[in-house]
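Undergrad: structural data only, the sequence is not supplied:
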């Protein structure tokens, strides 16, 4: 007697349970990539900057942007060295993506700010390209922050979302000292 549709379905279910994970592991990533490239399915949503607000440029090695560094904060609506502001920072590895993050202003060229990005990721503590500056009002959760020293961002002043805080003079001097001794700033 020929097998019934019910028994065929059960056999297929058993095969799927046994072989499915193996097939997904070996062929899943390639198939998903093909589907995403075909446009049939969209990948995960990518955050985007707020429309109409310029984003920071990817940045330059700090030594290439060397200049005089002066502590001159003033919460007057115009970002000054010594202030932390928030802006959209593009990722180095994928400039089409990025993140809204705090940036320590260390200089200015007309309407373009020069800034060093901040991170609250504690893994930065052992990285020689980052310097710890503690916590401040720029981080609502009160987490300690680190400043990236080896990459200066060019931030259009119109791209600032808000002034976040003034960094204490001694903290700014710590960052400025590294800019001078390691990157040729003065």
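TA: Looks like it came in fine. Note that the structure is predicted; figures quoted are calculated from it, not measured. Residues are numbered from 1 along each chain as shown.
Undergrad: next one: stretch 79-92 to chain centre, how far?
TA: Remark: stretch 79-92 is offset 11 Å from the chain centroid, using C-alpha atoms, centre = their mean, to the nearest Å.
Undergrad: and the end-to-end length of it?
TA: 24 Å (C-alpha to C-alpha, to the nearest Å).
Undergrad: just stretch 91-106 next, same as before
TA: First-to-last residue span, stretch 91-106, C-alpha to C-alpha: 20 Å.
Undergrad: tell me which residues in that stretch are buried?
TA: By 16 or more other C-beta atoms under 10 Å, the buried positions in stretch 91-106 come out as 98, 101-106. For the C-beta atoms, the positions are set from N, CA and C on the backbone; glycine is no exception.
Undergrad: tell me the two of those residues that are most distant?
TA: Farthest apart among the buried residues of stretch 91-106 by C-beta to C-beta are 98 and 106. That separation is 20.0 Å.
Undergrad: helix/strand/coil for residue 79?
TA: coil (DSSP: H, G, I helix; E, B strand; the rest coil).
Undergrad: quick check, pLDDT for it.
TA: As predicted, residue 79 sits at a pLDDT of 91.
Undergrad: is it in contact with residue 163, as I believe?
TA: Yes. Between residue 79 and residue 163 a contact is recorded at 6.4 Å, counting by C-beta atoms under 8 Å.
Undergrad: overlap in contacts of those two?
TA: residue 85 (C-beta atoms under 8 Å, 6 or more residues apart in numbering).
Undergrad: who has more neighbours, the two?
TA: residue 79 (24 against 20; other C-beta atoms under 10 Å).
Undergrad: ok now do the more buried one, which residues does it touch?
TA: So residue 79 contacts 85, 105, 108, 113, 157, 160, 163 (C-beta under 8 Å, 6+ apart).
Undergrad: how much space between it and residue 111?
TA: Using C-beta to C-beta, to the nearest Å, one gets 10 Å for the distance from residue 79 to residue 111.
Undergrad: please apply the same query to residue 132.
TA: According to C-beta to C-beta, residue 132 stands 31 Å off from residue 111.
Undergrad: again, but for residue 8
TA: Distance, residue 8 to residue 111, using C-beta to C-beta: 71 Å.
Undergrad: which residues pair with the residue sitting nearest the centre point of the chain across the strands?
TA: Centroid-nearest residue in the chain, with C-alpha atoms, centre = their mean: residue 99, separated by 4.7 Å. Counting by DSSP bridges, residue 99 is bridged to residue 89.
Undergrad: distance of it relative to residue 149?
TA: For residue 99, the distance to residue 149 - C-beta to C-beta - is 19 Å.
Undergrad: tell me the domain ranges of the chain?
TA: 1-45, 57-183 (automatic domain parsing).
Undergrad: hey, which of the ones you listed is tucked in deepest?
TA: Compared across these, domain 57-183 shows the largest average neighbour count, a mean of 17 (mean count of other C-beta atoms under 10 Å).
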